[in-house]
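Student: the sequence and its predicted three-dimensional model are supplied below.
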Amino acid sequence: MSYPVILYPKLLVDFRRQHPLPCYQPLDRDHESAKLTQGGSDAVRTTVLLHAHKAPNKSIVSPTSPNFTRWLVCSSLVFGLLGLMNAAVPRFPQNLQQPIRVVSLLGAAVAIAGMGRPSKRDIKTEGSSSLQQPIVEQLEVTRERTPSSKQATSPAQNSSEDGRHLSRARLLDYLEQLKVNLSGQVLQPIGASDAPVGRSEDAFASVLERYFPGRVKRQLEFPIPQSEKGRSFSTDFAVVLEEIGLYIDVEIDEPFDLKKKRPTHCIDDYHDRYRNGFFLQGNWIIIRFAEEQVVRYPKSCCREIASCVAQVTGLDKFLKPLAGEPILQPIPQWTKKQARALAKTNYRDTYLSLLSEKNST
C-alpha cells in the first residue's frame, strides 16, 4: 500500500452505494481516492447558488402550474362578483341591494388576496428542497459531458438548462439525505489534546487553513475505550463540514521519531490499524499522508482532501482552487525494518530542511 491512504466508514460506503452521484464512482473502504477528471472534453462544471430560502420566480407563469390555475380561478371570481354587483343588483328589491353589494365586494377582496397567496404544494416544495442551513454559498456540480455536447448547436445544448436544474435538484436531495444519515452517528471529541505536535504540522496547518478556511481543527482528543491508563487518541487535523455533519481525520505519518529513532506508523504494527478501526467505527473518514508528502507537496495533499469531499458530497467548492495542482505522487508505506534503515540515514532531514528554507524566504 502507498500514501495517501484514504479510508471510508461503512456508513458512508453503504450510503453512496444506495445513493450514487452521477459523476463519481462508489466508494470502497480501503479505496485510494479517485482522481477527478479536470476540464477538457470529459467534464463540464455548472455553478449553482444554494440558499436556505429561495425566492420564487415571478417573471414566468406557466399555464400548467398550480399558481396559474389558482390565478385564473381567482380572477374569474373577481370579475364575476363585480359583474354581479353592477348588472344584477339593480334587479333585486331595494332592501337587498346594499347587502349584496357588501357581500360581492368582500368576495372580490378574498379572491384578490388568494391570487397572491402561495399554495400548500408550493410551501411543501420549497421546504423540502432546502436544508435548514445553507450548505455552501456557491456550489459546483460536475456532470458528464456527452459526445454530442461538443457541437456548436446540438439537442444536448438545447436541453442543458433542464440538465442543470435536474442536477441541482438531485444534489440538494442527496445532501439532505446525507445530512440525515450522518446526524448523531459521528463520534465527537471531548476537547483538545496536549499530545506532542510534529515538526511538519504547523507548516501544513497554514496551507490547510488557506484552502479549508474555518473548517480545520487541531489536536482533538478521543478517549480510548477500556484503556487502563486512561489514554486517548488525538487527531493531527480534522477537516469538518458541520453543515452536513461530515468529519475527516487527517494524519501525518513519520517513519521514525527524531529523538529515539523508533519506527512509527509501520504497516506491520497493530497500533495504526486499531486506531483506524476506532475512527471508522465512529464514522470518520481517515486520510493519512506521509510526512514527506505534506512537506514537499502540501497543496497536492489539500487537493486529495478536496477530492475526498467531492467524492462524498458532490461539492467542488474546495476542489476548484486546487484544480491546477499536480496529482500527489504516492509514497510506499514502510515496515519496521525499513523504518529502522531510514532512521540510520536520518532520512527525515532530507526533506524537513525544506521547512527552514521556506520560513527563511
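Tutor: Received the coordinates, thanks.
Student: count the neighbours of residue 285 for me.
Tutor: Neighbour count of residue 285, defined by other C-beta atoms under 10 Å: 24. All C-beta spots, glycine's among them, are computed from the backbone N, C-alpha and C.
Student: in what helix or strand does the residue nearest to it when sequence neighbours are not counted lie?
Tutor: Leaving aside its sequence neighbours, residue 285 sits nearest to residue 248 (C-beta to C-beta, 6 or more residues apart in numbering; 4.5 Å). Take DSSP states H and E as the rule and residue 248 turns out to sit in strand 246-253.
Student: next helix or strand past that strand?
Tutor: helix 270-281.
Student: mind listing the helices for the stretch 101-250 of the chain?
Tutor: Taking DSSP state H, counting those that start in this stretch as the criterion, the stretch 101-250 of the chain contains helices spanning 120-128, 155-158, 160-182, 201-211.
Student: could you list the buried residues of stretch 297-304?
Tutor: 297, 298, 300, 301, 302, 303, 304 (16 or more other C-beta atoms under 10 Å).
Student: give me the pLDDT for the closest residue to residue 221 other than its chain neighbours.
Tutor: Of all residues not flanking residue 221 in the chain, residue 193 sits nearest, at 3.8 Å (C-beta to C-beta, 6+ apart). Turning to residue 193, the model gives it a pLDDT of 90.
Student: check residue 308 too.
Tutor: Residue 308 is given a pLDDT of 97.
Student: with residue 324 instead?
Tutor: So residue 324 comes in at 95 (pLDDT).
Student: now do residue 64
Tutor: 43.
Student: what is the neighbour count of the residue nearest to residue 221?
Tutor: With other C-beta under 10 Å as criterion, residue 193 counts 17.
Student: residues contacting it?
Tutor: Applying C-beta atoms under 8 Å, 6 or more residues apart in numbering to residue 193 gives the contacts 219, 220, 221, 232, 234, 235.
Student: touching, the fifth one and residue 195? I think so.
Tutor: So that's residue 234. Yes: judged on C-beta atoms under 8 Å, residue 234 makes contact with residue 195 at a distance of 4.0 Å.
Student: find residues that contact each of these two.
Tutor: Joint contacts of residue 234 and residue 195 (C-beta under 8 Å, 6+ apart) are 219, 221.
Student: thought residue 209 was touching residue 216?
Tutor: Yes: contact criterion C-beta under 8 Å: residue 209 and residue 216 qualify, at 5.4 Å.
Student: comparing these two, which residue is more hemmed in?
Tutor: Neighbour count, other C-beta under 10 Å: between residue 209 and residue 216, residue 216 has more, with 20 against 14.
Student: where's residue 167 relative to residue 323, distance?
Tutor: 19 Å (C-beta to C-beta, to the nearest Å).
Student: brain fart, residue 341
Tutor: Distance from residue 341 to residue 323, by C-beta to C-beta: 38 Å.
Student: what do you get for residue 297?
Tutor: 15 Å.
Student: confirm residue 13 sits in a helix?
Tutor: Yes: under DSSP: H, G, I helix; E, B strand; the rest coil, residue 13 falls within a helix.
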